[in-house]
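**Q** Test case, fold it:
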Amino acid sequence: MRLNVPTNWDDTLLGSLVDLPVQSVYGKLPREVIGGGRPAAALPDVSKSDAARHIQLAHRLGFEFNYILNASCLGNQEYQPEYLVRIRRLLDWLAELKVESLTISIPYLIELAARNYPQFRIAASVFSHIDCLDQARYYQDLGVSEIAMVQAYNRNFKFLSQFQEGFGGDTQLIVNNACLFGCPYRRYHANLNSHASQMGYGDLAFDYPVISCSRERIASPVELIKSPWIRPEDLHYYEELGFAKFKLSGRTETTAWIVMAATAYAQRRSPQNVARLLTPPNCSHSLHQKHYPGIPRVELVIDNEALGDFLPAFFDRDCNLSCCMKCGYCREVAERAVKTDPELSSQAVAGYDRLLEEHFSAVAVPLY
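**A** Residues are numbered from 1 along each chain as shown. Next up is the predicted model:
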């Protein structure tokens with residue numbers, strides 16, 4: 001087992017990870033010339049000099065550092081000579097810090113880094129949406145040696161087995177992200193966050209994707225089971241297929257939470273409420289509570305004991321080609337394992353509906 005664990009730039013976090021099977025920690029500055037997968041407003045505010053010291057500390061403690069440059073869009077600025085100079089300066093800085101690897105989404109930036117900075121190992125971000133072997137080989141030709149697997153395939157064991165056998169590079173699985181299965185907002189949300197962490201752009205005024213998916217999870221708790229997270233005690237099923245590297249989501253979270261999640265995966269043991277491991281924690285986005293205090297926080301519980309050994313039922317299923325309404329397996333699991341407060345859930349769903357209605361009413365304009 002090799003864990004890739006997020007950093008929130010707290011130096012005490014690194015010391016707490018020393019005795020765990022952590023190969024690398026990953027992170028990025030909240031706002032810079034290349035954005036990333038989280039908005040700056042949700043990330044700890046850290047200076048460039050403090051980040052440099054943190055990376056050096058990680059190295060002294062024996063960790064590799066994986067720097068995130070996984071913006072899915074730069075607004076075409078990457079082709080402007082002045083902007084390209086700024087990108088090269090960022091890469092020069094990372095080279096000086098002896099960062100071992102970069103996670104990148106945009107093919108142009110992958111090739112730029114591979115051609116000019118051969119010392120970096122380059123991982124293709126999950127935002128690259130690599131979902132077939134031919135696509136993976138194209139990325140290898142650009143300079144990629146590692147791929148973050150599209151989460152929608154986490155429970156497609158036939159696909160994972162064939163991909164792992166045919167790829168030949170390193171593949172890491174993201175284990176604890178609570179994204180909706182088949183999320184319609186995913187690519188759009190990646191673009192929003194990329195610009196919301198890019199210099200020259202402001203913060204998100206309205207996080208439509210997170211508001212919408214948060215509403216969906218509360219209104220339909222079966223989505224918590226359909227979401228393709230991986231429990232700590234189920235890692236062995238993936239190791240049997242040859243997967244050894246697992247990535248934890250959680251750059252926006254507290255030191256205590258990151259240590260708790262990393263320890264659970266290292267020990268292969270979930271807390272009684274599996275939702276505590278998922279990001280956002282307990283599937284409740286902290287930014288909502290900050291900006292929309294009128295919407296109550298709903299504690300969602302996934303009872304680990306009630307889950308039982310639920311994963312083998314997916315071995316012969318292909319959820320990407322199946323109709324959930326006909327299958328019904330996740331609904332059966334949710335009925336026994338997911339617990340919530342129905343009254344509070346109804347209030348939260350009504351709050352999200354009201355928020356969306358107010359927003360779309362405010363932006364409505366005559367068509368003619």
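
**Q** ok, then the element right after the worst-scoring helix or strand of the chain on mean pLDDT?
**A** For the chain, using mean pLDDT, DSSP states H and E, the weakest element among its helices and strands is helix 286-291, scoring a mean of 59. Downstream of helix 286-291, the next assigned helix or strand under DSSP states H and E is strand 301-302.

**Q** distance between that next one and the chain's centre?
**A** A distance of 20 Å separates the centroid of the chain from that of strand 301-302, by Cα atoms, centre = their mean, to the nearest Å.

**Q** I'd like to know which elements that strand is packed against.
**A** Judged by 3 or more Cβ pairs under 8 Å, 6 or more residues apart in numbering; DSSP states H and E, strand 301-302 is in contact with strand 338-339. Heads up, the C-betas are built off the backbone N, CA and C, glycines and all.

**Q** C-alpha coordinates for the next helix or strand after the strand it packs on, PDB please?
**A** Remark: after strand 338-339, the chain's next helix or strand is helix 342-363, criterion DSSP H and E. Below are the C-alpha coordinates for helix 342-363, written out as PDB (Å, rounded to 0.1, in the frame of the first residue of the first chain):
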ATOM      1  CA  PRO A 342     -36.000  12.900   7.600                       C
ATOM      2  CA  GLU A 343     -37.400  16.200   9.000                       C
ATOM      3  CA  LEU A 344     -34.000  17.900   8.800                       C
ATOM      4  CA  SER A 345     -33.400  16.500   5.400                       C
ATOM      5  CA  SER A 346     -36.700  17.900   4.200                       C
ATOM      6  CA  GLN A 347     -35.800  21.300   5.500                       C
ATOM      7  CA  ALA A 348     -32.400  21.200   3.800                       C
ATOM      8  CA  VAL A 349     -33.800  20.100   0.500                       C
ATOM      9  CA  ALA A 350     -36.400  22.900   0.700                       C
ATOM     10  CA  GLY A 351     -33.600  25.400   1.500                       C
ATOM     11  CA  TYR A 352     -31.600  24.300  -1.500                       C
ATOM     12  CA  ASP A 353     -34.700  24.500  -3.700                       C
ATOM     13  CA  ARG A 354     -35.400  28.000  -2.400                       C
ATOM     14  CA  LEU A 355     -31.800  29.000  -3.000                       C
ATOM     15  CA  LEU A 356     -31.800  27.800  -6.600                       C
ATOM     16  CA  GLU A 357     -35.200  29.400  -7.300                       C
ATOM     17  CA  GLU A 358     -34.100  32.700  -5.900                       C
ATOM     18  CA  HIS A 359     -31.000  32.600  -8.000                       C
ATOM     19  CA  PHE A 360     -32.600  31.700 -11.300                       C
ATOM     20  CA  SER A 361     -35.400  34.200 -10.800                       C
ATOM     21  CA  ALA A 362     -32.900  36.900 -10.200                       C
ATOM     22  CA  VAL A 363     -31.000  36.200 -13.400                       C
END
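
**Q** quick one: contacts for residue 56?
**A** By Cβ atoms under 8 Å, 6 or more residues apart in numbering, the contact list for residue 56 reads residue 97.

**Q** Next, count neighbours for the nearest residue to residue 21 once chain neighbours are set aside.
**A** Leaving aside its sequence neighbours, residue 21 sits nearest to residue 1 (Cβ to Cβ, 6 or more residues apart in numbering; 4.8 Å). A count of neighbours around residue 1, defined by other Cβ atoms under 10 Å, yields 16.

**Q** what about residue 1, distance to residue 24?
**A** Distance, residue 1 to residue 24, by Cβ to Cβ, to the nearest Å: 13 Å.

**Q** what do you get for residue 160?
**A** From residue 160 to residue 24 the distance is 22 Å (Cβ to Cβ).

**Q** With residue 252 instead?
**A** According to Cβ to Cβ, residue 252 stands 18 Å off from residue 24.

**Q** close enough to count as contact, residue 248 and residue 2?
**A** No - assessed by Cβ atoms under 8 Å, residue 248 is found out of contact with residue 2, at 11.7 Å.

**Q** Give the residue from the two that has the larger number of neighbours.
**A** When neighbours are counted by other Cβ under 10 Å, residue 248 comes out ahead of the other of residue 248 and residue 2, with 24 against 15.

**Q** so who does that one touch?
**A** Residues near residue 248 by Cβ under 8 Å, 6+ apart: 3-6, 174-176, 258, 261-262, 265.
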